[in-house]
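K.L.:
Pasted the sequence and its predicted model underneath.
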Amino acid sequence: MVADIEIAQAAKMRPIIDVAADLGLGKDDLVLKSESIAKVRLAAVDRARKARQGKFVLVTGTTPTRYGEGKTLTTVGLGQALNRLGTKGLIAVREPSLGPVFGTKGGATGGG
């Protein structure tokens, strides 16, 4: 069985400019940190907010299976499925595990 770290190290990352272009963002909309990392300028966020296009899906409260299939996996899978269907899908996984903050480890110690 291949370890997670080996899978991650073997992955070929696309340039962030190409990813942004898929979402309708140009180089001027980004603050580049590296070839694979960028922040989106607030002006681009404001333009998107005024356009009011699209839908918002919130994935919450999923109880993970014994194989670890929970909110993160569901969210990533949903984003990939939307993109495969030709829909511009963007995901944000923003809440890290809070277990370490409170000195606990293991399952059911995340932030939500």
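P.N.:
Nice, I can see it.

K.L.:
Number of residues surrounding residue 51?
P.N.:
Residues lying near residue 51 (other C-beta atoms under 10 Å) number 9. (Glycine included, C-beta is placed from N, CA and C.)

K.L.:
nope, residue 24 is what I meant
P.N.:
Residues within reach of residue 24, counting by other C-beta under 10 Å, total 13.

K.L.:
List phi and psi for it.
P.N.:
phi 80, psi 20 (degrees, to the nearest 10).

K.L.:
Can you tell me the SS state at the closest residue to it other than its chain neighbours?
P.N.:
Using C-beta to C-beta, 6 or more residues apart in numbering and skipping residues adjacent in sequence, the residue nearest residue 24 is residue 88, 7.5 Å away. Secondary structure state of residue 88, per DSSP: H, G, I helix; E, B strand; the rest coil, is coil.

K.L.:
which ones are touching residue 88?
P.N.:
Residues near residue 88 by C-beta atoms under 8 Å, 6 or more residues apart in numbering: 22-24, 54, 82.
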